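*Asks:* mind folding the following:
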Amino acid sequence: MLEKNLDVPVAKKFIFDNKYFLYDTFTNRLFNITKDHFFEISILEKIGISEYVRLPRDNKAYRDIIMLLHKGILRAPFIKEIIHPNTHYLPYLTSRCVNDVVLQVTRECNFRCRYCLYAGNGHVERTHEKINMPWSVAKQGIDFLFNHSVDSEKINLSFYGGEPLLNFELIKKSVEYIESIYWCKKLNYKMTINGSLVTDYILDFLVDKDFEIVISLDGNSTIQNKHRKFFETGNDTFRTVFENVEKIRCRYNEYFYRNISFLPVILDDESYEEVLSFFRMHNILEQQIIPLKANLNGIDYINTGIEYSKSFDIESDLDGKAEKTLENCYLNKNRIPASWHHNGQCIPGIRRLFIDINGYFYPCEKVIENNSLIIGDVNRGFDLQKIGTFLNVGKLTEKECKECWAIRFCEMCISSCLNIEKNELSKTQKNIECKKQKEKALSYFKRYIKNKLGGKIK
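*Replies:* Got it, this is the predicted structure:
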């Protein structure tokens, strides 16, 4: 007898605005159904397809469901194996296609922000420390990038802290060195700073090298000073930061609007509209703002790919880029192959390879610097076995993924699957994120129905 879960359709039925809907994962189609259809699908899910088609029923709703089954809709699990399509290409990709390296030039920071992961409030392996990356490690990291980027068209070099400008001379030396070894590739430089250390000398260099800069500024003086204090004195930070913002705009106006972005961290008890009004009042464009949701547990930088632009309730979270991403997923009607893996996990080491002050490799700067997430180092190179494990993080929940109605919309990184206390990737932890991904997909459908179709599926 067929195992029950292998005989149940991979689909999602739901009620919204007093109407009934069905999303079919295999065909990636959304249907407006009747209450009777909803009832029939409930029976189908309970007893399975093989028993349902033999039921002695002759009502219209039952016949409609049978018709959908004959048309290949409401299919039982159709994914046979959870495996990332790039798995077999890892040796080539990691040896020739690395294009983006982030150097942790320092662990020191002159701020102490109440929500910062490394401010000493979270359960992580380190706090801010007065330790800088030595030039030998930076050079090895750049050499590694050079030797593994033969087939990359563009090269991105980013700098990370702590507060990276506390080690500006290493940044300058790194830029000068990478420009001495690359001759035929486009070089891009990026950095996130707190905005307090932008001297004229530093600014001229950043502009000359066309750095893309993100400034962490939470909003007006009340909001900024509540969250971000100078470490040594405990004094407010807003005035210092905003004077530097105005200096950049005054001296390099075109550069300011082309290359400067702002990262306000929004807590649950704050309104993004208030933050947005501050930036508008100072003629900062909305497209320059990259808001990030946080809480008081010290995890301000780990995100799920959602970019917030209005407020932070579950449906509003889908504004902007996130909603567009989900829409593209829904518009793509290509059938899922038998071997499949959900989105969200980039190829570790190819995009945003993070090199810490000691030369250890991590998938990116957004993951916690936990020993279980190390994927190599500047001396030994990549650990391909570990990269393959991380790339195929869906293996943690393979059975659940095969039966998941939201797999087309899932975007999940290994950062969401780490059990910090046990120092390992965790199926339990991943299932927590799975629930959030399903909620996100369902929110998209509700918004799609409400805003784009006026409550009707055509």
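
*Asks:* neighbours of Arg352, just the number please.
*Replies:* Residues near Arg352, counting by other Cβ atoms under 10 Å, number 19. C-beta coordinates here come from the backbone N, C-alpha and C atoms, glycine included.

*Asks:* ok, it touching Phe361?
*Replies:* No: with contacts counted by Cβ atoms under 8 Å, Arg352 stays clear of Phe361, the gap being 11.1 Å.

*Asks:* tell me the spacing between the nearest residue to Glu403 once chain neighbours are set aside and Asp24.
*Replies:* Nearest residue to Glu403 in three dimensions, chain neighbours excluded: Pro77, at 5.3 Å (Cβ to Cβ, 6 or more residues apart in numbering). Distance from Pro77 to Asp24, counting by Cβ to Cβ, to the nearest Å: 13 Å.

*Asks:* neighbour count winner among those two?
*Replies:* Asp24 (21 against 18).

*Asks:* can you list the strands that the least confident helix or strand in the chain by mean pLDDT pairs with?
*Replies:* Least confident helix or strand of the chain, by mean pLDDT, DSSP states H and E, is strand 292-293 with a mean of 82. When pairing is defined by DSSP bridges, strand 292-293 lines up against strand 265-266 (parallel).

*Asks:* so how far is the strand it pairs with off the chain centroid?
*Replies:* Here strand 265-266 is found 16 Å from its chain centre; the criterion is Cα atoms, centre = their mean, to the nearest Å.

*Asks:* against Glu323, how distant is His341?
*Replies:* 23 Å.

*Asks:* of these two, which one has the most company?
*Replies:* Ranked by neighbour count (other Cβ under 10 Å), His341 and Glu323 place His341 first, with 23 against 20.

*Asks:* now that one: closest residue in space that isn't a chain neighbour?
*Replies:* Nearest to His341 is His84, by Cβ to Cβ, 6+ apart, at 4.1 Å.

*Asks:* same deal with Cys113?
*Replies:* Closest to Cys113 by Cβ to Cβ, 6+ apart is Arg228, at 4.9 Å.

*Asks:* mind pulling up the pLDDT for that neighbour?
*Replies:* In this prediction, Arg228 carries a pLDDT score of 94.

*Asks:* quick one, what contacts it?
*Replies:* Applying Cβ atoms under 8 Å, 6 or more residues apart in numbering to Arg228 gives the contacts Phe111, Arg112, Cys113, Arg114, Asn194, Ser216, Asp218, Thr237, Phe238.

*Asks:* could you rerun that using 10 Å?
*Replies:* By Cβ atoms under 10 Å, 6 or more residues apart in numbering, the residues touching Arg228 are 111-116, 194-196, 216-218, 236-238, 241, 265.

*Asks:* re the thing from before, and the residue nearest to His341, helix, strand or coil?
*Replies:* His84 falls in the coil class when you classify it by DSSP: H, G, I helix; E, B strand; the rest coil.

*Asks:* distance of it relative to Phe390?
*Replies:* 10 Å.

*Asks:* identify the contacts common to these two.
*Replies:* Here His84 and Phe390 have Gln345, Ile347 as joint contacts, going by Cβ under 10 Å, 6+ apart.

*Asks:* residues contacting Glu254?
*Replies:* Neighbouring residues of Glu254 by Cβ under 10 Å, 6+ apart: Val207.

*Asks:* quickly find the element holding it.
*Replies:* helix 253-259 (DSSP states H and E).

*Asks:* which SSE is immediately downstream of that helix?
*Replies:* Immediately after helix 253-259, counting by DSSP H and E, sits strand 260-262.

*Asks:* how many other residues sit next to Ile8?
*Replies:* For the record, residue 8 is Val, not Ile. Val8, neighbours per other Cβ under 10 Å, totals 19.

*Asks:* wait, it touches Ile47, no?
*Replies:* Yes: with contact defined as Cβ atoms under 10 Å, Val8 reaches Ile47; the gap is 9.0 Å.

*Asks:* tell me which helix or strand Asn156 sits in.
*Replies:* strand 154-160.

*Asks:* quick check: Phe390 touching Met412?
*Replies:* No: in this structure, Phe390 is not within contact of Met412 by Cβ under 10 Å, at 11.7 Å.

*Asks:* need the overlap of contacts for those two.
*Replies:* Contacts common to Phe390 and Met412, judged by Cβ under 10 Å, 6+ apart, are Gln345.

*Asks:* tell me the gap between whichever helix or strand Lys430 is part of and the middle of its chain.
*Replies:* Element membership for Lys430, per DSSP H and E: helix 427-447. Put simply, helix 427-447 sits 14 Å off its chain's centre (Cα atoms, centre = their mean).

*Asks:* any low-confidence regions in this structure?
*Replies:* When residues are selected by pLDDT under 70, those of the chain lie in 1-5, 119-126, 295-321, 453-458.

*Asks:* again, only this time at 50
*Replies:* Residues of the chain meeting the criterion pLDDT under 50: 1-2, 297-318, 455, 458.

*Asks:* returning to that earlier point: ok, the residue nearest to Cys113 to Lys46 distance?
*Replies:* 54 Å.

*Asks:* only the buried residues of the helix holding Lys430, if you could.
*Replies:* Across helix 427-447, burial judged by 16 or more other Cβ atoms under 10 Å covers 429-430, 433-434, 437-438, 440-447.

*Asks:* just checking, what packs against that helix?
*Replies:* strand 11-16, strand 19-24, helix 321-331, helix 398-402, strand 418-419 (3 or more Cβ pairs under 10 Å, 6 or more residues apart in numbering; DSSP states H and E).

*Asks:* neighbours around Asn147, how many?
*Replies:* Asn147, neighbours per other Cβ under 10 Å, totals 13.

*Asks:* which residues does it contact?
*Replies:* Counting by Cβ under 10 Å, 6+ apart, Asn147 has contacts Ser95, Arg96, Val98, Ile181, Gly381.

*Asks:* out of those residues, grab the one that's most surrounded.
*Replies:* Using other Cβ under 10 Å as the neighbour test, the contacts of Asn147 are led by Val98, with 24 neighbours.

*Asks:* and stretch 340-351, how far out from the chain's middle?
*Replies:* Relative to its parent chain, stretch 340-351 has a centroid offset of 11 Å by Cα atoms, centre = their mean.

*Asks:* what is the end-to-end distance of it?
*Replies:* 21 Å (Cα to Cα, to the nearest Å).

*Asks:* would you say Glu40 is within a helix?
*Replies:* Yes: if the criterion is three-state DSSP, then Glu40 is within a helix.

*Asks:* for it, give its distance to Lys46.
*Replies:* 11 Å.

*Asks:* again with Lys226
*Replies:* From Lys226 to Lys46 the distance is 52 Å (Cβ to Cβ).

*Asks:* and Glu439, by the same measure?
*Replies:* 24 Å.

*Asks:* repeat for Val175
*Replies:* Look at Val175 and Lys46: by Cβ to Cβ, they are 63 Å apart.
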